[in-house]
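Enquirer: Sequence first, predicted model second:
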Amino acid sequence: MTIVASNYARKENDFYQTEPWATEALLRRFPVAGLSVWEPAAGNHLMADVLRDSAAKVWTSDIATYDRQHDCLLNFFSSGDYLMRKSDAIVTNPPYGKSNREAVKFTRLALQRCRGLVAMLLTMKFDSGKTRYDLFGDNPRFAAKIVLTDRISWEFNGKGGTENHAWYVWQGVRSPGIAPVIYYEGRG
């Protein structure tokens, strides 16, 4: 697949709704039934709905309210309210920012705030940055990359997006000699 430039005009606190199939692809490899899951960039709760449907207890937050109310209006980058919640997992499609800088910061904070499962939906090339080696090569919690073989349609218009994506998954510390794995998942 070729990556093409997007003509989408960004606006402040814009959000990208994640098609349900993308979250289902994660759950086929990393089930969350019975876990307490924090979705800190919840948007309109499409990801949270899939997590709830898979028997997770889900707590939602975001920097702004869109069409649905969150459990908490919270800027993930600020300290505070997250300390009141203990989550077994953080699962989200975080803001990326220029050159993925916000996604890097978001991921590092998620790993600090949750000792269990952390799953981030990011661009396919996210793990290629040398400044991110601490998230992957040096990180004993890095467990898997789930390559999405279909592109996500952020506008729900049936057209694939302009970039390839993957789930990056961290868990508790891996046993010595166990390497991270790569999975491939699509729409179904």
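Expert: Structure received.

Enquirer: Within the helices and strands, which one has residue 95?
Expert: Counting by DSSP states H and E, no helix or strand carries residue 95.

Enquirer: now the closest residue to residue 93 other than its chain neighbours, what's its secondary structure?
Expert: What sits nearest to residue 93 in space, not counting adjacent residues and going by C-beta to C-beta, 6 or more residues apart in numbering, is residue 121, at 4.1 Å. Bear in mind the C-beta positions are built from the backbone N, C-alpha and C, glycine included. Secondary structure, DSSP: H, G, I helix; E, B strand; the rest coil: residue 121 is strand.

Enquirer: for the helix or strand harbouring residue 90, what is the average pLDDT?
Expert: Assigned by DSSP H and E, residue 90 belongs to strand 89-92. The average pLDDT within strand 89-92 is 96.

Enquirer: Run through the neighbouring helices and strands of the helix or strand just after that strand.
Expert: Counting by DSSP H and E, the element after strand 89-92 in chain order, helix or strand, is helix 101-113. Applying 3 or more C-beta pairs under 8 Å, 6 or more residues apart in numbering; DSSP states H and E, one finds that helix 101-113 contacts strand 89-92, strand 117-123.

Enquirer: Among these, which comes closest to residue 129?
Expert: strand 117-123 (10.4 Å; C-beta to C-beta).

Enquirer: now that closest one: mean pLDDT?
Expert: Here the average pLDDT along strand 117-123 is 97.

Enquirer: Just checking the distance from it to the centre of its chain.
Expert: Computed by C-alpha atoms, centre = their mean, to the nearest Å, the separation of strand 117-123 from the middle of its chain amounts to 3 Å.

Enquirer: how about the CA coordinates for that strand, as CSV?
Expert: Taking C-alpha atoms only, strand 117-123 is exported to CSV below (Å, rounded to 0.1, in the frame of the first residue of the first chain):
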residue,chain,number,x,y,z
LEU,A,117,-1.9,-4.0,29.7
VAL,A,118,-1.2,-0.9,27.7
ALA,A,119,-2.4,-0.9,24.1
MET,A,120,-2.0,2.0,21.8
LEU,A,121,-3.4,2.3,18.2
LEU,A,122,-0.6,4.1,16.3
THR,A,123,0.9,4.5,12.9
